[in-house]
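Structure of the sequence below:
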Amino acid sequence: MTRTTSRTLLAPPLSSNFDTASGQFEQNRAAVLEQLEVHTRLLAMAAAGGGLKAMERHRSRGRLPIRERIANVLDPDTPFLEISPLAGYGSRYALGGGMVVGIGVVAGTECVIMGNDPTVMAGALTPYAVKKWMRALELARDNRIPYISFVESAGGDLRVNPSRKSGADGDDSAEPEEIQAAVGSAVVPEHFAETGRFFYEMIELSKLRIPTVCVVFGSSTAGGAYQPGLSDYNILIKEQSHVFLAGPPLVKMATGEISDAETIGGARKHAEISGLAEYLAEDEMDAIRLCREVVSHLNWRKPHRGPTLLGDAPAHDPEELLGLVSRDLKQPVDVRDVIARIADGSRFEEFKPRYGPSLICGWASIHGHPVGVLGNNGVLYPDSAQKGAHFIQLCNQIDLPLVFLQNITGFMVGRDFEADGIIKKGSQMVNAVANSTVPHVTVIIGSSYGAGTYGMSGRAFGNRFTFLWPTAKIAVMGPKQIAGVMSEVRRGQAKRKGLTFDEEEDAKLVAAAEEIQEKGSLALRATGAISDDGIIDPRDTRTVLGLCLSVVGNHPIEGAGGYGVFRL
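Here you go, the predicted structure:
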């Protein structure tokens, strides 16, 4: 990821005034470590798939779990950036949603890899798997990198009421044929309306000259059969892969024909007769070898040279990132302290340091990749919003990716700020974010509230990647503010109706609302809903950003528009 070069950013290293020996630092650090411990346990549950029984039965058939399949296709000693590993947290579905998505290096080429987890409901597509699948296609399209699918799926989740929570503590090892046989005329999966879009997106990848490679490890049924059907290259495994629009139970119900899976859609049939398969593998490891061979001949080339600056380690210890942010987010954080622990050599050239100081903007490099950085030191005032818009334009002028470090409670409100044009100037910043054509990578380290998340390139604004620290909270506004606003509404209603306002009852409602909003804003809830690409250890921020910046380099940066930079 980092290449040796003599060039370096001619900017001084940041100093850090945060007292790492203070009680506050130790308190923050202990709280984050506690959150990370929970996160690690949840990741282990996600990796366990459908549970011990399902995993043992899968292995007893000589089949590898999905994560081992992915590990074997990757180049040795290269990382795998998993996307939304805790999808489905807090729901009735298995952690991870029965699918693994991520980015890794295969035969020297960065690729998106999507794989069904056959130990979870035979790889059936849950609503969370559907969202992850769409995200995988989006990652391949937006970053212009090859797309690899490891398919073993019974198709859509056809249960009428999947009330039993699935996952590592249950047995979700039903056969594909068993699930497929459960289909009835009144059953319509809740995510069915979205599935047609996948076909379009896969065709679109090929249209954009983004290669798609499909390895079928087991059953690829019904709509799932179109995954190999719409892929550029297909690899099937002898006496293991089965691809058909309808398996034996449904064929019997629809036509009266009695047959078996191998006869209807076995690998040999598709390799020798139908022509669906380009390659016939002897076993799983042979299929993985063939996948690597296919990627090796793609002649994939990055339009950008990769790291161009010295990628030396920060002057300040990234381990200290654990203690910078308070769990309740009340403690102010100087985002420069974060930048100092993720930037190469802690070097940072700050832009307009004396103007709009609640938004820190400037130039740095991360693992040798030059970037523009925007980070929050409080709410966005009119001057800071104006500065942000100007800085984004400058970075677009020189094709520089942008890194956003969010800790934002929103744009400043009030009589004086309205008079100073907070709507106009805030809209200028949001406009600059929306019209920016360079890649955006966002890390939410603390608050992400209201329209502030738009100005700081939230997920809705097409950024390439969004990650959370465990301390992140995402909401329309802070829990206290939401509860307080509703209290004021109730107070106003009582006054208009001439009723006595019950202070004691209102206090209970405020406390209940705060608790609900607090729980709903937590990072785990957000990542469970796939509103981001995952929670990361703060200490890994530099590494994750380096991986993302390498990936975004596969897509040529488009022109920034028909006008140059102007002062707003």
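
Residue 84: what's it in contact with?
96-97, 101, 131-132, 135, 527, 530, 532-534 (CB atoms under 8 Å, 6 or more residues apart in numbering). Where C-beta positions appear, they are placed from N, C-alpha and C, glycine not excepted.

what's the answer for residue 243, then?
Counting by CB under 8 Å, 6+ apart, residue 243 has contacts 216, 220, 225, 228-229, 236, 265, 270, 276.

List the ones among the contacts of residue 84 that fall in strands.
Within the contacts of residue 84, membership in strands is found for residue 101, as judged by DSSP state E.

With neighbour count and pLDDT as new columns, can the contacts of residue 84 be given to me in TSV?
Output for these, formatted as TSV (neighbours: other CB atoms under 10 Å; pLDDT from 0 to 100):
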residue	neighbour count	pLDDT
96	31	95
97	31	94
101	28	98
131	21	93
132	26	96
135	19	96
527	28	95
530	23	94
532	24	95
533	28	97
534	22	97
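
Nearest to residue 282 among the contacts of residue 84?
Closest approach to residue 282 among the contacts of residue 84 (CB to CB): residue 101, at 27.5 Å.

Go ahead and confirm that closest one touches residue 133.
Yes: counting by CB atoms under 8 Å, residue 101 touches residue 133, with 7.5 Å between them.

Now do the shared contacts for the two.
residue 114.

Tell me which helix or strand the residue nearest to residue 272 when sequence neighbours are not counted sits in.
Distances taken as CB to CB, 6 or more residues apart in numbering place residue 280 nearest to residue 272, at 8.0 Å, with adjacent residues excluded. Using DSSP states H and E, residue 280 sits within strand 279-281.

following that strand, which helix or strand comes up?
With DSSP H and E, the next secondary element past strand 279-281 is helix 284-296.

Would you mind listing the buried residues in that following helix?
284, 287-292, 294-295 (16 or more other CB atoms under 10 Å).

ok, the contacts of residue 84 vs residue 73, which is closest?
residue 101 (14.0 Å).

who's in contact with the closest one?
82-84, 112-115, 132-133, 135-136, 139.

Need the residues you listed in a markdown table (columns: distance to residue 302).
Listed next are these as a markdown table, based on distance: CB to CB, whole Å:
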| residue | distance to residue 302 |
| --- | --- |
| 82 | 22 |
| 83 | 21 |
| 84 | 25 |
| 112 | 15 |
| 113 | 18 |
| 114 | 22 |
| 115 | 25 |
| 132 | 26 |
| 133 | 26 |
| 135 | 22 |
| 136 | 20 |
| 139 | 16 |
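
Can you select the buried ones among the residues you listed for me in PyMOL?
Here is the PyMOL command that selects only those of the contacts of residue 101 that count as buried (16+ other CB under 10 Å):
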select buried, resi 82+83+84+112+113+114+115+132+133+135+136+139
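
Among the contacts of residue 101, which one lies nearest to residue 510?
Distances from residue 510 to those, taken by CB to CB, are shortest for residue 84, at 33.7 Å.

Contacts for stretch 450-465, please.
Contacts of stretch 450-465 (CB under 8 Å, 6+ apart): 142-143, 374, 376, 379-380, 385, 388, 402, 404, 406, 408-411, 426, 429-430, 433-434, 436, 439-442, 448, 466, 474, 476-477, 531-533, 548, 551-552.

hang on, the earlier thing: can I get the buried residues of helix 284-296 in TSV with distance to residue 504 and pLDDT?
Shown next, in TSV, are these (distance: CB to CB, whole Å; pLDDT from 0 to 100):
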residue	distance to residue 504	pLDDT
284	65	97
287	67	98
288	66	98
289	71	98
290	71	98
291	66	98
292	68	98
294	69	98
295	67	98
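
Redo those as TSV? Include distance to residue 243.
Formatted as TSV, the buried residues of helix 284-296 follow (distance: CB to CB, whole Å):
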residue	distance to residue 243
284	16
287	14
288	18
289	20
290	16
291	16
292	22
294	18
295	21
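
Which helix or strand contains the closest residue to residue 344 other than its chain neighbours?
Leaving aside its sequence neighbours, residue 344 sits nearest to residue 365 (CB to CB, 6+ apart; 4.5 Å). Using DSSP H and E, residue 365 sits within strand 359-366.

go on, residue 312?
Applying DSSP H and E, one finds residue 312 in no helix or strand.

What is the neighbour count of the nearest residue to it once chain neighbours are set aside?
With CB to CB, 6+ apart as the criterion, residue 312 has its nearest non-adjacent residue at 4.8 Å, and that residue is residue 345. Residue 345 is flanked by 21 other residues according to other CB atoms under 10 Å.
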